[in-house]
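Undergrad: This is a predicted model, with the sequence first.
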Amino acid sequence: MWFITYYLLGLILIPGIIYAIVTQNKVQSTFKTFSEINSETGLTAKEACERILAQSGITDVSVVKISGHLTDNYNPTNKTLSLSESVYNSTSIASIGVAAHEAGHAIQHAEGYKFLKVRTGLIRLSNFMSNMLLPLIIIGVILSALAYTSIGSIFVIGGCVFFGISVIISLVTLPVEFNASNRALACLTSSCVLSPTEAKGAKQVLSAAAQTYVASLVVSVLSFLRFILSIVLTRQE
């Protein structure tokens, strides 16, 4: 019965899913617009990224190309800054903005930015616990149905804790991403990679991208609410 209730409550996710789709479309359209405008310096995204890192005194980060579109990321574990194929060699304002954002994460890592540390730790914890989530939920519901309410509650609470980690990760992600974008925009002008006018275009790209993390938080909160309601409704039957 819990599974039926859980899937029926999937309707709760619809507003978050719609918001996520809208923000993703906004990112794609904004990136497309500014990907057609090349920077005056003629620097590629990779070169711009390396200039920003050098200006910040960071010499131990590798800038590499990876497959995909807008799959750019910074890995603090091996200090690798990966730029997607559509960004790596591009001289567009959009690509340079995206690359600078990832450089912003590298700078955060080098300076020991606390929210980045927290997010990295939570992600590791989440990966470790993710395989335990569904078994805990099933065991908890079964034990509760068999009248082992106290034991069942322990498992259900454990499931709630594990499920809630994703919400916390999404919440902590917001300051990390917004801070990286702010650092990127400051570095783009201070390192003369983009002019102040061009930087406004990069800001639009990064602002649109930031909304996807807000959408992710909304979906995570709604998913957690769905889970809690399914447990409550099932236990009342």
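TA: Nice, thanks for sending it over. Numbers count the residues shown, from 1 in each chain.
Undergrad: Could you give me the buried positions within stretch 225-237?
TA: Buried residues in stretch 225-237, counted by 16 or more other Cβ atoms under 10 Å: 226, 227, 230, 231, 234. To be clear about C-beta, it is placed using only N, CA and C from the backbone, and glycine gets the same treatment.
Undergrad: Equivalent analysis for stretch 82-94, please.
TA: For stretch 82-94, a neighbour-count test (16+ other Cβ under 10 Å) marks 82, 83, 84, 86, 87, 88, 90, 91, 92, 93, 94 as buried.
Undergrad: any idea what sits nearest the first one, other than its immediate chain neighbours?
TA: Just to be clear, that refers to residue 82. Spatially, and ignoring its direct neighbours in sequence, residue 82 is nearest to residue 66 (4.3 Å; Cβ to Cβ, 6 or more residues apart in numbering).
Undergrad: What is the neighbour count of the one you found?
TA: 14 (other Cβ atoms under 10 Å).
Undergrad: That one against residue 87, yeah?
TA: No - at 9.6 Å, residue 66 and residue 87 do not qualify as touching, with contact defined as Cβ atoms under 8 Å.
Undergrad: Which neighbours do those two have in common?
TA: Common contact partners of residue 66 and residue 87 (Cβ atoms under 8 Å, 6 or more residues apart in numbering): residue 72.
Undergrad: For the helix or strand hosting residue 223, what does the pLDDT average out to?
TA: Element membership for residue 223, per DSSP states H and E: helix 196-236. The average of the pLDDT scores along helix 196-236 is 89.
Undergrad: can you give me how far it is from the chain middle?
TA: Centroid separation for helix 196-236 versus its chain: 9 Å, with Cα atoms, centre = their mean, to the nearest Å.
Undergrad: do the same with stretch 100-117
TA: Per Cα atoms, centre = their mean, the centroid offset for stretch 100-117 relative to its chain is 14 Å.
Undergrad: Going forward, count from 16.
TA: Noted, 16 is the first residue going forward, which turns the last one into stretch 115-132.
Undergrad: what stretches of this structure score poorly on pLDDT?
TA: 16-18, 144-171, 173-174, 250-252 (pLDDT under 70).
Undergrad: and with 50 instead?
TA: In the predicted model, the chain carries no residue with pLDDT under 50.
Undergrad: quick one: the helices in it?
TA: Assigned by DSSP state H, the helices in the chain fall at 17-23, 29-50, 60-70, 100-103, 108-126, 129-160, 164-205, 211-251.
Undergrad: what's the last one packed up against?
TA: Other elements packing on helix 211-251 under the criterion 3 or more Cβ pairs under 8 Å, 6 or more residues apart in numbering; DSSP states H and E are helix 17-23, helix 29-50, helix 108-126, helix 129-160, helix 164-205.
Undergrad: can you tell which of the ones you listed is closest to residue 56?
TA: Nearest of the helices and strands packed on helix 211-251 to residue 56, taken as Cβ to Cβ: helix 108-126 at 8.9 Å.
Undergrad: Would you mind listing the buried residues in stretch 224-231?
TA: Under the neighbour-count criterion of 16+ other Cβ under 10 Å, stretch 224-231 has 224, 225, 226, 228, 229, 230, 231 buried.
Undergrad: Alright, calling it a day.
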